[in-house]
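S.K.: build me a structure from this.
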Amino acid sequence: MANLDSLNTPSLILDLARVQRNAEHMAAKATQLGVRLRPHIKTHKCVEVARLQTAGHDGAVTVSTLAEARAFAANGFRNITYAVPIERGKFAAAFALMQEDVTLNLLSDDFATVRELDVAAGNAGVRPGVFVKIDCGYHRVGVEPMSEAAIMIPRLISDAAHLEFAGILTHAGHSYDVQTVDEIKSVARLERDVMVKHSEKLRDLGIEVPTVSIGSTPTMSLVDDLTGIDEIRPGNYIFYDNFQATLGSCSFEDTALTVLAAVVHRDEHRRKLVIDAGGIAMSKDRGPIELDAECGYGRVLDLEGVDTEMRLTKLSQEHGQIEAGGSDIFDRFKVGDRLRILANHSCMTAAQHTHYNVLENGEIVDRWKIHTGW
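M.R.: As a prediction, the model looks like this:
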């Protein structure tokens, strides 16, 4: 075993007890509310973490890249939803997984792509499940639930010779743009109600809807009624982060991922510390700036994980700057000392690294690989 002082910096530190607690809480909530849990693994891209998330459930997961799908399929995860709209350049890679007996659900919101997918699937000898992406208010991708396309695309998939209509799927990404817990709950209710209403409309028109799938971490962390929903797909909840805790989706005691960094420069005159974790180690996600104008690029914690009340204020490629101002905490740190940064966005930060250093009872007990790429 190793301790934090012995690690190279910058490094990812994963608090195992918090990860386990977060996993158990969401799994129990899914069971209580009567829905299947299909966690989104893009947050961590790590097989060991996914096994904690799916313990006691059926092992189904959601991915954001086909590289994630390949890595997880190779490690025993055989029921996967690729939750980015499919385009023809990725047909062959998706079909290759299906030809290895992997259940891979795809999604689309485009008539022409569905038609092309049907022909290509027939030529490849596969029959993918295809979700239709519904826009429940985020306005990133998906069809408007009241539009003609929201009826016609499901019908097109249902009638296709080589496709299986998997159901309807949405993501309430706009839950990250609100400012209060009550607003998150309101988005959660709307996400649920839009999807339930649309599934009922499709069924009334004779279109079978096998699965109604929803989920973002803020909405699924706070929702208390999922009547009419079959499946949830939260992801960030497994680590949470500075954004989620500031937003109110969780407490700071739930946040499980930090970046270990070393002080490489100390400026007494400007009351500034420079660390060896810059944009490459942290990402440049601005985080909850609408809620905390001084959030910077993350909260600065000491080696024990206690908030110093300083913030990571500037980033260049390999340098991070911490402006301590008049705080006495500046005097605690000298060049070579270690500290930890609670990142604004754990998903983006984790994707910058190759592995997690797993922390348990103050010691590094394991090293878990991160599967990156597209």
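
S.K.: residue boundaries of the strands in the stretch 201-350 of the chain?
M.R.: Counting by DSSP state E, counting those that start in this stretch, residue ranges of the strands within the stretch 201-350 of the chain are 211-214, 231-232, 257-267, 272-275, 298-301, 307-315, 320-323, 338-343.

S.K.: any stretches of this protein with poor pLDDT?
M.R.: Within the chain, the ranges that satisfy pLDDT under 70 run 1.

S.K.: let me know the outermost residue of it.
M.R.: Among residues of the chain, the one most distant from the C-alpha centroid is His269; the distance is 40.6 Å, by Cα atoms, centre = their mean.

S.K.: contacts only, for that residue.
M.R.: Applying Cβ atoms under 8 Å, 6 or more residues apart in numbering, one finds that His269 lies in contact with no residue. Bear in mind the C-beta positions are built from the backbone N, C-alpha and C, glycine included.

S.K.: Thr258 too?
M.R.: For Thr258, the set of contacting residues under the criterion of Cβ under 8 Å, 6+ apart consists of 12-13, 15, 301, 305, 340-343.

S.K.: measure it to Leu52 for me?
M.R.: Using Cβ to Cβ, to the nearest Å, Thr258 is found at 18 Å from Leu52.

S.K.: how about stretch 277-296 as PDB, C-alpha atoms only?
M.R.: Listed in PDB are the C-alpha atoms of stretch 277-296, where the atom choice follows Å, rounded to 0.1, in the frame of the first residue of the first chain:
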ATOM      1  CA  ALA A 277      -2.300  20.400 -12.300                       C
ATOM      2  CA  GLY A 278      -3.400  22.600 -15.200                       C
ATOM      3  CA  GLY A 279      -6.000  22.300 -17.900                       C
ATOM      4  CA  ILE A 280      -4.700  18.900 -19.000                       C
ATOM      5  CA  ALA A 281      -5.200  17.400 -15.500                       C
ATOM      6  CA  MET A 282      -8.400  19.300 -14.500                       C
ATOM      7  CA  SER A 283     -10.200  20.200 -17.800                       C
ATOM      8  CA  LYS A 284     -11.400  23.800 -18.100                       C
ATOM      9  CA  ASP A 285     -15.000  23.300 -17.100                       C
ATOM     10  CA  ARG A 286     -16.200  26.500 -15.500                       C
ATOM     11  CA  GLY A 287     -18.600  24.700 -13.200                       C
ATOM     12  CA  PRO A 288     -21.300  26.300 -11.100                       C
ATOM     13  CA  ILE A 289     -20.400  29.900 -12.000                       C
ATOM     14  CA  GLU A 290     -24.100  31.000 -12.000                       C
ATOM     15  CA  LEU A 291     -24.300  29.800  -8.400                       C
ATOM     16  CA  ASP A 292     -20.800  30.700  -7.200                       C
ATOM     17  CA  ALA A 293     -19.100  33.400  -9.100                       C
ATOM     18  CA  GLU A 294     -15.800  32.600  -7.400                       C
ATOM     19  CA  CYS A 295     -15.900  28.900  -8.100                       C
ATOM     20  CA  GLY A 296     -12.900  29.000 -10.400                       C
END
